[in-house]
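Novice: Predicted model follows, preceded by the sequence.
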Amino acid sequence: MLSFLGRRVLIAIPTVLLISVFVFALQKFLPGDPVLALAGEDRNPEMLAFLREKYRLNDPLYLQYFHWIGNALRGDLGISLRTQQPVLELIGQKLPVTVQLAVMALIFAVVIGIPAGVISAYKKGTWIDWLANIISLSGLSVPNFWLGIMLILLVSVKLGWLPASGYQPLTEDPLQSLRTMLMPAFVLGSGLAATLMRHTRSAMLGVLQSDYVRTARAKGLNERTVVLKHALRNALVPIVTVVTLLFGELLAGAVLTEQIFTIPGFGKLVVDAVFNRDYAVVQGIVLCTAIAFIAMNILADALYRILNPRMRDQ
Amino acid sequence: MLPKKILALAAALMVSASWVHAADLRIGLAEDPDVLDPDQSRTFVGRIVYASLCDKLVDITPALEITPMLATGWSWSDDGMALTMTLREGVTFHDGTPFNAEAVAYNINRSKTLEESRRKSEVASIESTTVVDEYTIQMNLSKPDATLIAQLADRAGMMVSPTAAAATGAEFGLAPVCSGPFSFKERVQQDRIVLEKFPAYWNADAINFDSVTFLPIVDGTVRLANLRAGDIDMLERLSATDVASVKADAALGLEQAVSLGYQGITVNVNNGDRANTPLGKDSRVRRALSLAIDREAMNQVVFDGVMAPGNQAFPPNSPWYDTAFPVPARDVEAAKALLAEAGAENITVEIQTSNDPVNQQLMQVIQAMAAEAGITINIVSKEFTTQLSEQTAGNYQGSQIGWSGRVDPDGNIHSFMTCEGGLNDSKYCNPEVDALLNAARTSNDLAARKVSYDAASAILAEDMPIIYLYHQTWLWALSNKVAGYTPYPDGMIRLQGVSLTE
Amino acid sequence: MTAVTNIPADAPLPRRRSRVWQRLRGNPSALFGGALVGFFLLIAILAPILPLPGPAATDWNAIRKAPSVAHWLGTDELGRDVLSRMVWGAQASLLAGVVSVAIAMGIGIPLGVMAGYARGWTDAVISRVTEALLAAPFLILAIALAAFLGPSLTNAMIAIGLSAMPIFIRLARGQTLQVMTEDYMESARAVGLGHGVIIWRYIMPNIFPPLLVQATLAIATAIITEASLSFLGLGQQPPAPSWGSMLNTAKGFLEQAPWMALWPGVAIFLVVLGFNLLGDGLRDALDPKGS
């Protein structure tokens, strides 16, 4: 197991370095002078020249890259051009927000997706299965940002039940924090629930046809026990893997949801940073998300390996 | 048991609407401010926060007269080369540092010399300062500067604590220390800025809140929904199209003021090769385009009639507006005649605009209007940053852009219309205009200045390097619980005298 | 965003077309999906000849009017007919979906096949780059690319295509590796056929079915992504309509003119649902394990 992990981590290193080169190159080619974005209304040539010098924008590209990656390896991701806050500190501020959103969305997805998948597999071929399928595909097909707008329109503007936006840290005001996150988490979780439902369904279908479920049934165990205890438990192996993978994607997928609901997380930060040409922030965030994504992938593989033998034992 | 608990929690989640902290005022901002250092900051929205955080040497009245703040009185030397200010006594900064002439001298010096300072040009005319006594400061100028006092009513006049500034240097903005009614408590970028009441504030009686929280909520609809839901108490820059529904809402109030700035189409008349178009080379084409636009209809369609149509660098309600050139009515025939005269019938021009919905809507209206006069407009949408870069580099024909406006008329016109002006992206250059605008900025005689500006306006109405379209109206929507709010044309939110009633 | 989990786990061998078609016809969901896609394709193609006002024809006297007999779906912020803009917007959305996926496949499949066929260093390099691209968040990549290229529909399509490309590289590579282990490949090599012939005659036909399924699903994702980019102002530019840019404008008028936001959203939903149903149906029909 350890050697497996070690190997995966080693392979991940060049991948991460490659990503860092991509991100760096891509945004260096973005049109629009970051210094002009920085100067705002008060732009004069000396100020622009000074800023270029200060943020090393006159250096050759490869030097800029090495400077950045060198600092990054020492844990310094630079400072935001716009507010001068250290990028690492910014990420520290934003990460809990996005994680909370992602976890809540995941809870939504699990609570809706897994039972729906189980029922759908169990009732395969019936109208229930068909309905569940259509609903789940609908969840996949609806544009997140539109769903968000419609919910704001209905729940906040028309009914006034939940705040349309804003964010309260969980530590300061748990109830309000949950209230503000309810809609965004639902929006973000809806597509996930659909994916999860489909995976649960196919995993369950496989397991339900397997020998040991047949054996369990033959033993005269009641159906409930068979489905929930024997079948689902085994089907959970691939599902857990999928959930882990999805979590990595969630961190990145929150972009539009955060934009709609004005949630000060990763996604909003990075979009604003792209538009403001806040290089250091874009680089830092994409690097961190990519690392998180890769870490989740490794974790998923590891989980699969840990969980799998148990399945064979039965 | 468990379901009941869950139900109770759900009920609590849905019902327990925002609980109002009686003494906290929550303000929805249209953007997230940049760095909170008056010497380094560059956004309009940042100045809204400063209005509660950092007192200035002088302030303005809603009628734009200069009024005492940290300076209680001031006088000019006869030759206009020295400005002497008497300072308020007993004022301290949030960190306890006393405010005095030394502090003012430090601040002026910081604005002039801090490498990152964006205020250098604003205080460029100050050559040195003399501390006359503890509460008297004299600013010695290199040349007469009529605009200086207005600069001191804005960021250049904001006093930061010398102790804190010396300690934090260019990173002052992460934890700003000033002398305003509220002190800095915390900031979470893109989420909120929290200020706490400063008990030792010199004018503490006028302040009725224990804290004020600024919440950047970029989307106008969402900002308003938050106000309706009671999650914020007031918001700035209400969407013009929401005015009617706010007026119809008994729980909300509306305040407005015509801004000091303008919106228009900057034309590339001499900035590189792309100026070589009929629009850039022939002022008759520009005037034709201007005549083809029905500014009133544009205002109705895009802004529900809320903005102030305009045709000069100053809004029609400004004392600096030249009434000899009123906002022109639309005249398609005259436009066509001008185009025919210029030999530029059926021309195509490319105008860039930023890719936000309101500006795009505006340009589409203008596009439709211009088409009727035989001018085909290609709209090119750019991100704002790119638009600015292209404009500076001269890589554009026309650019729809605006200016947030300054208290002194000089700030709206000089850097745009003088040959060497720092913001002159059209590269318009007319020695006559230079002479008039340079004269206007050195004279302290208002009547003489007005004559200069009128003369310049007359030339610009002919040459038209910028086709002025309208002046934004600042719109604030407030909960009915907010009392005593006064709108200012600079768009700032001043909390002196404002209170929350239950 | 769900692309990773959409890749079929196994590589089905192509079956005879008639049976695939038969099975597809017997699947009501797939038929429904096909009908949805067909409907939108039809209105997109017929847009120029439908008896509708021009999509850019403004009417200052009919600003943001609710649906009525004159304007079935209402009018927008410039008094333009929303129905007409919806119909023309279908062109933009479908075009964006198809073109961007074509770009992704056009670059992705050759690279993937190359990696799987040549293996060794070629494979290592292509795979690492693919992995890195996949680890960078899809939408952020698309946003950055679109911002880099400048806001326009064409650039949005390129940005989406490039962002979706790694999925096709990975899938094509995996499929190729699988096909390479088949017996007929060994015989093909044994008789000394050239690389080009082997790839064209033996590999491509065999890896095509799963790629087709992926393509159908990718079109769905691409349409949503185009809408997202337009929603951020990086897609279709005015006055030409696209559903995403219509939503971008509409969000400023949610209270005054909710219909402006309703229709484009519904249309995106339906067309994406159509592609998803069709993709699912195709997958089932091509699945050798299915009965």
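Specialist: Yep, it's here. Residues are numbered from 1 along each chain as shown, chains lettered A, B, ... in the order given.

Novice: Excluding chain neighbours, give the residue nearest to whichever residue of the stretch 301-450 of chain B sits closest to chain C in space.
Specialist: Nearest to chain C, among the residues of the stretch 301-450 of chain B, is residue B:355, at 3.6 Å (C-beta to the nearest C-beta). All C-beta atoms are positioned from the backbone trio N, CA, C, and that covers glycine. Spatial nearest neighbour of residue B:355, chain neighbours left out: residue C:233 (3.6 Å); criterion: C-beta to C-beta, 6 or more residues apart in numbering or on different chains.

Novice: How about the residues of chain C by chain B?
Specialist: Within chain C, the residues that sit near chain B (C-beta under 8 Å from any C-beta of the partner chain) are C:58, C:60, C:63, C:77-79, C:147, C:150-151, C:233-234, C:237-239, C:248-249, C:251-256.

Novice: Got a quick PyMOL command for the buried subset of the residues you listed?
Specialist: PyMOL command restricting those to the buried ones, with burial defined by 16 or more other C-beta atoms under 10 Å in any protein chain shown:
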select buried, chain C and resi 58+63+77+78+79+147+150+151+233+234+237+238+239+248+249+251+252+253+254+255+256
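
Novice: Report all helices and strands that the helix or strand bottoming out on mean pLDDT in chain A contacts.
Specialist: Within chain A, no helix or strand scores below helix A:34-39, which has a mean of 74 by mean pLDDT, DSSP states H and E. Applying 3 or more C-beta pairs under 8 Å, 6 or more residues apart in numbering or on different chains; DSSP states H and E, one finds that helix A:34-39 contacts helix A:45-54, helix B:384-393.

Novice: got a markdown table for these, with distance to residue B:487 too?
Specialist: Listed next are those as a markdown table, based on distance: least, C-beta to C-beta, whole Å:
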| stretch | distance to residue B:487 |
| --- | --- |
| helix A:45-54 | 32 |
| helix B:384-393 | 26 |
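
Novice: From the chain's centre, how far out is the strand or helix carrying residue B:452? Work that out for me.
Specialist: Element membership for residue B:452, per DSSP states H and E: helix B:446-463. Distance of helix B:446-463 from the chain centroid (C-alpha atoms, centre = their mean, to the nearest Å) equals 22 Å.

Novice: What is that helix packed up against?
Specialist: Other elements packing on helix B:446-463 under the criterion 3+ C-beta pairs under 8 Å, 6+ apart are helix B:283-292, helix B:410-417, helix B:431-442.

Novice: interface residues of the stretch 151-300 of chain B facing chain A?
Specialist: B:170-171, B:173-174, B:188-191, B:215-219, B:221-222, B:225-226, B:228-229, B:231.

Novice: and if we set it to 6 Å?
Specialist: B:173, B:188, B:189, B:190, B:191, B:217, B:222, B:225, B:226, B:229, B:231 (C-beta under 6 Å from any C-beta of the partner chain).

Novice: For the nearest residue to the fourth one once chain neighbours are set aside, grab the count of nearby residues.
Specialist: Translated: residue B:190. Leaving aside its sequence neighbours, residue B:190 sits nearest to residue A:264 (C-beta to C-beta, 6+ apart; 4.2 Å). Per other C-beta atoms under 10 Å in any protein chain shown, the neighbour tally for residue A:264 reads 23.

Novice: ok so residue A:264 is a strand residue?
Specialist: No. Under DSSP: H, G, I helix; E, B strand; the rest coil, residue A:264 sits outside any strand and is assigned coil.

Novice: Phi first, then psi, for it.
Specialist: phi -80, psi 70 (degrees, to the nearest 10).

Novice: how close does it sit to chain C?
Specialist: Distance of residue A:264 to chain C, computed by C-beta to the nearest C-beta, to the nearest Å: 17 Å.

Novice: Spatially central residue for the chain, please.
Specialist: If you meant another chain, say so; for now it's chain A. Chain A has residue A:250 as the residue nearest its centroid, 1.7 Å off, counting by C-alpha atoms, centre = their mean.

Novice: you looked at the wrong chain, it should be chain B
Specialist: Closest-to-mean residue, chain B, C-alpha atoms, centre = their mean: residue B:404 / 3.4 Å.
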